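Colleague: Would you be able to build a 3D model of this:
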Amino acid sequence: MPAPVRIGLAGYGLGGRYFHAPLIASAPDCEFLGVVTTSQERQEQVAAELGRPAFASLEDLASAGAEAVAISTPAAAHVTLTQQALRLGLAVVCDKPFALDAESARITVRLAEELKLPLTVYQNRRWDSDFLTLRQLLDQGVLGTLTAFESRFERFRPRSSPPAAGGGTLLDFGSHLADQALVLAGPVSGVYAEMHYRPDAAGADDDVFVALTHESGVRSHLWGSWRQGAPGPRFRAAGTEGAYVIQDADGQEARLRSGESPASSGGQWGAEPPERWGHLCRGDVKEPVPSAHGAWNLFYPAFAAAVRGAGPVPVDPWDAVATAAVLDAARTSARTAQVVRPAQTG
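Modeller: Model prediction:
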């Protein structure tokens with residue numbers, strides 16, 4: 001077996017603390033070196049919770065022998081830190097949103113290609129239990145041909161929406177929503193969007209609706225909100241032979257935030273109880289569909305294999321450029337009330 005990939009983490013806020021650190025530490029293919037943070041409070045948390053050192057900079061992390069880094073800082077710093085890490089010779093996992101716009105994303109991906117370094121984007125929601133179940137149903141032909149896809153990340157936390165530095169709800173939730181739609185239905189020819197903006201000085205969007213017309217003919221309707229008092233179903237995917245509907249979101253986030261990890265849960269990681277399963281619907285007939293196990297724990301082993309040259313990165317970074325182009329188009333559409341064609345991503 002090849003040696004574990006020596007990897008560090010940049011940032012120890014919500015994302016770094018709960019979405020990355022437990023998964024890196026649980027991956028046998030990774031040696032978790034520590035966390036880059038300049039915050040005294042975060043440094044103390046890293047020591048107490050992880051028992052690993054804190055580094056003052058990416059340069060210090062590289063000097064400690066790191067081969068790779070996961071970037072989980074506020075979104076406005078993603079491009080700068082990703083490019084800095086690549087120039088230090090580090091393979092990179094960048095959290096979503098990969099960039100605040102498609103052009104910045106494109107430049108960063110080209111830099112990684114020029115330097116011949118692995119670069120991937122943490123689109124962990126591709127390994128949600130509900131999304132994996134939907135893909136299985138489509139692969140098995142149970143739904144027939146997909147015609148319409150509805151997807152929601154809706155919360156009622158009107159005072160907890162992402163800061164302007166994170167791009168607002170469009171980039172926060174929209175990065176996952178658009179990525180999943182592109183994986184399911186392919187490239188997009190038209191984007192229409194509506195947004196509500198916070199009345200405070202930052203003025204970031206906190207409630208968004210995006211409609212995508214895919215070149216395949218599928219229509220995707222995506223909702224992201226931090227002020228929705230009556231959240232709709234997580235998915236409603238309609239096909240020519242039936243529809244898959246699931247109300248509850250994947251439970252891996254809640255498990256990580258409660259202190260569980262793939263290492264502590266073993267084979268039960270990602271399992272969903274029957275009361276949280278979705279249903280296959282055909283008119284008045286509704287059948288429960290057992291949920292596939294959520295599998296966020298597969299991301300870092302796949303990334304480690306890519307660093308060792310044993311496979312592709314888990315998410316092609318050009319996919320993140322395509323997602324950014326869709327979100328750019330959504331921003332333009334919301335401003336102009338027009339259907340917008342996304343820019344070319346190559």
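
Colleague: drop to CA atoms for contacts and neighbour counts, all remaining ones
Modeller: Noted.

Colleague: Tyr244 touches Gln136, doesn't it?
Modeller: No - using Cα atoms under 8 Å, Tyr244 is not in contact with Gln136, being 11.2 Å away.

Colleague: Start and end of stretch 159-172, how far apart?
Modeller: Between the opening and closing residues of stretch 159-172 we find a distance of 15 Å, counting by Cα to Cα, to the nearest Å.

Colleague: ok, Tyr244 and Gln136, which is more surrounded?
Modeller: Using other Cα atoms under 10 Å as the criterion, Tyr244 and Gln136 rank with Tyr244 on top: 26 against 14.

Colleague: Could I get the pLDDT score of that one?
Modeller: You'll see Tyr244 listed with a pLDDT of 98.

Colleague: Compute the distance between Gly217 and Thr147, please.
Modeller: Remark: distance between Gly217 and Thr147 (Cα to Cα) = 7 Å.

Colleague: Ok, Ala27 next?
Modeller: Going from Ala27 to Thr147 by Cα to Cα gives 38 Å.

Colleague: Counting neighbours, go ahead and name the busier of the two.
Modeller: When Ala27 is set against Thr147 and neighbours are counted by other Cα under 10 Å, the residue ahead is Ala27, at 21 against 17.

Colleague: right, and that one touches Phe299 too?
Modeller: No - counting by Cα under 8 Å, Ala27 sits too far from Phe299 to count as a contact (9.0 Å).

Colleague: now the helices for this protein?
Modeller: When secondary structure is read from DSSP state H, the chain shows helices at 14, 21-26, 40-50, 58-63, 78-87, 102-115, 129-139, 168-185, 252-257, 262-265, 299-307, 317-336.

Colleague: Let's have those helices in TSV, adding mean pLDDT.
Modeller: Output for the helices of the chain, formatted as TSV (pLDDT from 0 to 100):
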stretch	mean pLDDT
helix 14	91
helix 21-26	97
helix 40-50	95
helix 58-63	98
helix 78-87	98
helix 102-115	98
helix 129-139	98
helix 168-185	96
helix 252-257	96
helix 262-265	94
helix 299-307	98
helix 317-336	97
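
Colleague: Of all those, which one comes closest to Lys286?
Modeller: Distances from Lys286 to each of those were compared by Cα to Cα, and the smallest falls on helix 129-139, at 14.8 Å.

Colleague: That closest one vs helix 168-185, what angle?
Modeller: Taking axes from the mean of the first three to the mean of the last three Cα atoms, to 10 degrees, one finds helix 129-139 and helix 168-185 inclined to each other by 30 degrees.

Colleague: Could you pull out the buried residues of helix 129-139?
Modeller: By neighbour count on 16 or more other Cα atoms under 10 Å, the buried set for helix 129-139 is 129-134, 137-138.

Colleague: and which of those is nearest to His176?
Modeller: Using Cα to Cα, Phe131 comes nearest to His176 of the buried residues of helix 129-139, at 11.3 Å.

Colleague: what about the nearest residue to the closest one once chain neighbours are set aside, distance to Ala305?
Modeller: Spatially, and ignoring its direct neighbours in sequence, Phe131 is nearest to Arg125 (7.5 Å; Cα to Cα, 6 or more residues apart in numbering). Using Cα to Cα, one obtains 20 Å as the distance from Arg125 to Ala305.

Colleague: Over to Phe19?
Modeller: 20 Å.

Colleague: Between the two, point out the one with more neighbours.
Modeller: Taking neighbours as other Cα under 10 Å, Phe19 and Ala305 compare with Phe19 leading, 22 against 19.

Colleague: hang on, Gly65 packs against Arg6?
Modeller: Yes - checked against Cα under 8 Å, the pair Gly65 and Arg6 is within contact range at 7.1 Å.

Colleague: These two: which is more packed in?
Modeller: Using other Cα under 10 Å, the more surrounded residue of Gly65 and Arg6 is Arg6, with 19 against 12.

Colleague: so what's that one bridging to?
Modeller: Using DSSP bridges, the beta-bridge partners of Arg6 come out as Glu31.

Colleague: Glu31 is in contact with that one, correct?
Modeller: Yes - with contact taken as Cα under 8 Å, Arg6 and Glu31 are classed as touching, separated by 4.7 Å.

Colleague: domain assignment for this structure?
Modeller: For the chain, the domain assignment from automatic domain parsing gives the residue ranges 5-124+299-312, 125-295+326-336.
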